[in-house]
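>>> Starting from these lines, generate the structure:
(one chain, ligands or ions: 1)
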Amino acid sequence: MNSSSHIPLTSYREYPSTEMLIRVTHFADEVHRRRTIRDFSSRPVDRAVIEQAIRAAGSAPSGANRQPWHFAVVQSADVKRRIREAAEAEEREFYSHRATEEWKDALAPLGTDADKPFLETAPYLIGVFAQKFTQTQDGERLVNYYPIESVGLATGILITALHTAGLATLTHTPSPMKFMNEIMQRPGDERPFVLLVVGYPADDCRVPAIVRKPVNDICSFL
Ligand code: IYR
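A predicted model of the protein is given here:
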């Protein structure tokens, strides 16, 4: 390995094994409190909180460290209205034609439909985009590796960071999402990954009674 550009690892922190278990259990409890919501309050949120959450997302590992992500943060009521109109048009198609009966049956417990008022109510919409290419300083176009996987990892950290801050999210995926490029002014070679709705839950917010798979059902030790 060419180590000329390597530096000592100074940021790593080890914890005593008892503390290790306490910390990870606390973290697991904390993230298990997170719920995806669809009833948002219009209460404003400090932009600095959004910036720090995005900074956290930017720490995700990525293929060849290309960091192939862009987060388009929408606050403007006008832009939100245009996004809602475009998303609802796609969703109407989805619910009336595109979705199979099997798919609609799977969604029934969530109680979703083509109306997406939260796209205007919530204080922030974050369009997450995956960059298939990186433009170098001298105009060269490099292909990125595992951009979708990398952006998925960054989005997980973003959702967790917002949850830690006391905010709620909805991972909204109107399908297709290509309208996001134009409305959010992103280049055509960026792929919209998710439209993250961010804010406080409405006072009367209700969530579906879902359960999470127990740990023994989602892992195996070999
Ligand atoms: N995009 C639609 C449908 C939808 C699809 C899945 I998969 C979900 O987990 C939830 C909804 C909508 O947002 O209503």
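>>> got the phi/psi numbers for residue 142?
Dihedral pair for residue 142: phi -100, psi 140, per degrees, to the nearest 10.
>>> thought it was touching residue 134?
Yes - counting by Cβ atoms under 8 Å, residue 134 is a contact partner of residue 142 at 4.7 Å. All C-beta atoms are positioned from the backbone trio N, CA, C, and that covers glycine.
>>> More neighbours: the two, which one.
residue 134 (15 against 11; other Cβ atoms under 10 Å).
>>> I'd say that one and residue 145 touch.
No - checked against Cβ under 8 Å, the pair residue 134 and residue 145 is beyond contact range at 10.2 Å.
>>> list residues touching both of the two?
residue 66 (Cβ atoms under 8 Å, 6 or more residues apart in numbering).
>>> What about the closest residue to residue 45 other than its chain neighbours, how many residues nearby?
Nearest residue to residue 45, sequence neighbours excluded (Cβ to Cβ, 6 or more residues apart in numbering): residue 123, at 4.8 Å. Applying other Cβ under 10 Å, we find 21 residues neighbouring residue 123.
>>> coming back round to it: what touches both of residue 142 and residue 134?
residue 66.
>>> re the thing from before, got the contact list for the residue nearest to residue 45?
With Cβ under 8 Å, 6+ apart, residue 123 has these contacts: 42, 43, 44, 45, 75, 198, 199.
>>> Show the buried residues in these.
Those of these that meet the buried threshold are 45, 198, 199, by 16 or more other Cβ atoms under 10 Å.
>>> ok, the longest strand belonging to the chain near the ligand or not?
Secondary structure of the chain read by DSSP state E shows that its longest strand is strand 190-199. No - Strand 190-199 lies apart from the ligand when judged by Cβ under 6 Å from any ligand atom; the minimum separation is 9.3 Å.
>>> per-residue confidence averaged over that strand?
Computed over strand 190-199, the mean pLDDT rounds to 98.
>>> Let me know the next secondary structure element after that strand.
Sequence order places helix 215-218 as the next helix or strand after strand 190-199, per DSSP states H and E.
>>> tell me the mean pLDDT for that next one?
98.
>>> How about stretch 154-166?
Stretch 154-166 comes out at a mean pLDDT of 99.
>>> same thing with stretch 97-110?
The model assigns stretch 97-110 a mean pLDDT of 94.
>>> Over to stretch 121-138?
Taken as a whole, stretch 121-138 carries a mean pLDDT of 96.
>>> Just the CA trace of it, in PDB.
Presented in PDB, the C-alpha positions along stretch 121-138 are these (Å, rounded to 0.1, in the frame of the first residue of the first chain):
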ATOM      1  CA  THR A 121     -46.900  21.800   5.400                       C
ATOM      2  CA  ALA A 122     -43.400  20.600   6.500                       C
ATOM      3  CA  PRO A 123     -40.800  23.200   6.900                       C
ATOM      4  CA  TYR A 124     -38.200  21.400   4.900                       C
ATOM      5  CA  LEU A 125     -38.000  19.000   1.900                       C
ATOM      6  CA  ILE A 126     -34.600  17.600   1.200                       C
ATOM      7  CA  GLY A 127     -34.100  16.100  -2.200                       C
ATOM      8  CA  VAL A 128     -31.300  13.600  -2.000                       C
ATOM      9  CA  PHE A 129     -29.500  13.000  -5.300                       C
ATOM     10  CA  ALA A 130     -26.900  10.400  -6.400                       C
ATOM     11  CA  GLN A 131     -24.200  11.500  -8.700                       C
ATOM     12  CA  LYS A 132     -23.200   9.000 -11.300                       C
ATOM     13  CA  PHE A 133     -20.100  11.100 -12.300                       C
ATOM     14  CA  THR A 134     -17.600  13.400 -10.600                       C
ATOM     15  CA  GLN A 135     -16.400  16.400 -12.600                       C
ATOM     16  CA  THR A 136     -12.700  17.000 -11.800                       C
ATOM     17  CA  GLN A 137     -11.000  20.500 -11.600                       C
ATOM     18  CA  ASP A 138      -9.800  20.100 -15.200                       C
END
